[in-house]
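Asks: predicted structure and sequence below. I'll ask about it afterward.
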Amino acid sequence: MPISVAPYTRKYEHTKRRGRESTVLCGFCGKKVPRYKTIVTYRGFRITDPLILQSVDKRMVHLFKQKIYVCPSCARFHGIVQKGKTVRKKHLER
């Protein structure tokens with residue numbers, strides 16, 4: 001893998017004209033970030049134990065999935081996207 005490949009595309013394309021873009025709150029830190037800069041992830045609840053799934057009717061279990069917006073710094077910190085190029089170079093040189 002070449003080192004110069006970006007971990008994700010940082011296409012910060014503006015969707016509206018200047019000053020009219022909506023801001024959203026980061027799901028982790030609560031910082032106000034323009035919506036076009038955020039990374040969308042889903043937070044939810046999942047049951048993976050097969051014994052519980054067999055004993056309970058699936059119609060009675062409500063599994064929610066919530067869409068959250070994450071700022072770029074939190075996305076890198078929590079591992080949603082890979083860290084920047086200089087950090088990846090340090091790990092490859094070891």
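Replies: All right, it came through fine.

Asks: stretch 28-37: how far from the chain's middle?
Replies: 11 Å (Cα atoms, centre = their mean, to the nearest Å).

Asks: touching that stretch from outside, list them.
Replies: The contact list for stretch 28-37 (Cβ atoms under 8 Å, 6 or more residues apart in numbering) reads 12-15, 21-26, 69-74, 77-78. For glycine as for every other residue, the C-beta is placed from the backbone atoms N, C-alpha and C.

Asks: wait, doesn't Gly44 sit right on Phe64?
Replies: Yes. Using Cβ atoms under 8 Å, Gly44 is in contact with Phe64, at 6.0 Å.

Asks: what residues sit buried inside stretch 49-56?
Replies: Buried residues in stretch 49-56, counted by 16 or more other Cβ atoms under 10 Å: none are found.

Asks: what segments of this protein are helices?
Replies: Listed in chain order, the helices of the chain (DSSP state H) span 50-55, 72-77, 85-93.

Asks: so how far is Ala75 from the closest residue to Phe77 other than its chain neighbours?
Replies: Of all residues not flanking Phe77 in the chain, Phe28 sits nearest, at 8.0 Å (Cβ to Cβ, 6 or more residues apart in numbering). Taking Cβ to Cβ, to the nearest Å as the measure, Phe28 falls 9 Å from Ala75.

Asks: just Lys32 next, same as before
Replies: In this view, Lys32 and Ala75 are 16 Å apart by Cβ to Cβ.

Asks: please name the bridge partners of Val40.
Replies: Tyr69 (DSSP bridges).

Asks: was I right about it contacting Cys71?
Replies: No. Using Cβ under 8 Å, Val40 is not in contact with Cys71, being 11.7 Å away.
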